[in-house]
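Colleague: I would like the atomic coordinates for the input below:
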Amino acid sequence: QKAAQPRAPVFNMREPQPRPETDHLPVSRLPRIRALTEDVLSAPTVPAAPPRDLSAGFARRLAALHGALNNPHAVAARWLRRQFAGAAPKPCPLSPHRIPGLRSALPGPEKETLRSLTDMAFSFFAADTS
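Modeller: From the prediction side, this is the model:
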């Protein structure tokens, strides 16, 4: 049997930006103190975490970028598949009674212009009887 090869890294087109680290804790994660004792007042210090080695993650991201630059057509095809994989937009049928963008707050000239453009669009589609 072949040894399992690690999967080639894939370029992430929508990489999230890192969140800034803060010392703020939400209320749900704050410690609950039921009795005020000496142990609570003199809590032991938490040892600092060792620094993370970022070189492996950076090397994978750099390899993914290199692969994307070597084969841009595959990346573009994957991007198109993801764009059209979502739900289709809800159909918006043309209706002479419901004009898109028409609000009661529109002034008279703009309302009439929008209504005349809608009427022209309906007459264009109504003329095609094929």
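
Colleague: ok, the residue positioned nearest the centre of the chain to residue 20 distance?
Modeller: Nearest to the geometric centre of the chain sits residue 14, at 7.3 Å (Cα atoms, centre = their mean). From residue 14 across to residue 20, the span is 19 Å (Cβ to Cβ, to the nearest Å). Just so you know, the C-beta spots here come from the backbone N, C-alpha and C atoms, and that holds for glycine as well.

Colleague: what does residue 90 give?
Modeller: Counting by Cβ to Cβ - residue 90 and residue 20 are separated by 38 Å.

Colleague: what does residue 8 give?
Modeller: Taking Cβ to Cβ, one finds residue 8 at 32 Å from residue 20.

Colleague: These two - which one has more neighbours?
Modeller: residue 8 (9 against 5; other Cβ atoms under 10 Å).

Colleague: give me the low-pLDDT residue ranges for this structure?
Modeller: 1-3, 15, 33, 39-41, 43-44, 89, 92-106, 127-130 (pLDDT under 70).

Colleague: can you give me the strands for it?
Modeller: With DSSP state E, there are no strands along the chain.

Colleague: Spell out the residue ranges of the helices in the chain.
Modeller: Per DSSP state H, the chain carries helices over the ranges 38-41, 55-70, 72-84, 108-127.

Colleague: So for residue 47, which of these sits nearest?
Modeller: Across the helices of the chain, the minimum distance to residue 47, taken as Cβ to Cβ, is reached by helix 38-41, at 18.4 Å.

Colleague: CA atoms of stretch 64-81 as CSV?
Modeller: Extracted in CSV, the C-alpha atoms of stretch 64-81 (Å, rounded to 0.1, in the frame of the first residue of the first chain):
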residue,chain,number,x,y,z
ALA,A,64,-1.2,27.3,-2.1
LEU,A,65,-0.5,30.7,-3.6
HIS,A,66,2.2,29.2,-5.8
GLY,A,67,-0.2,26.5,-7.0
ALA,A,68,-2.9,29.1,-7.7
LEU,A,69,-0.5,31.2,-9.7
ASN,A,70,0.7,28.2,-11.7
ASN,A,71,-2.9,27.1,-12.6
PRO,A,72,-5.2,30.2,-12.6
HIS,A,73,-7.8,28.5,-14.7
ALA,A,74,-8.5,25.9,-12.1
VAL,A,75,-8.8,28.6,-9.4
ALA,A,76,-11.1,30.6,-11.5
ALA,A,77,-13.3,27.5,-12.2
ARG,A,78,-13.5,26.7,-8.5
TRP,A,79,-14.4,30.3,-7.8
LEU,A,80,-17.2,30.2,-10.4
ARG,A,81,-18.5,26.9,-9.0
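
Colleague: Fine, thanks again, bye for now.
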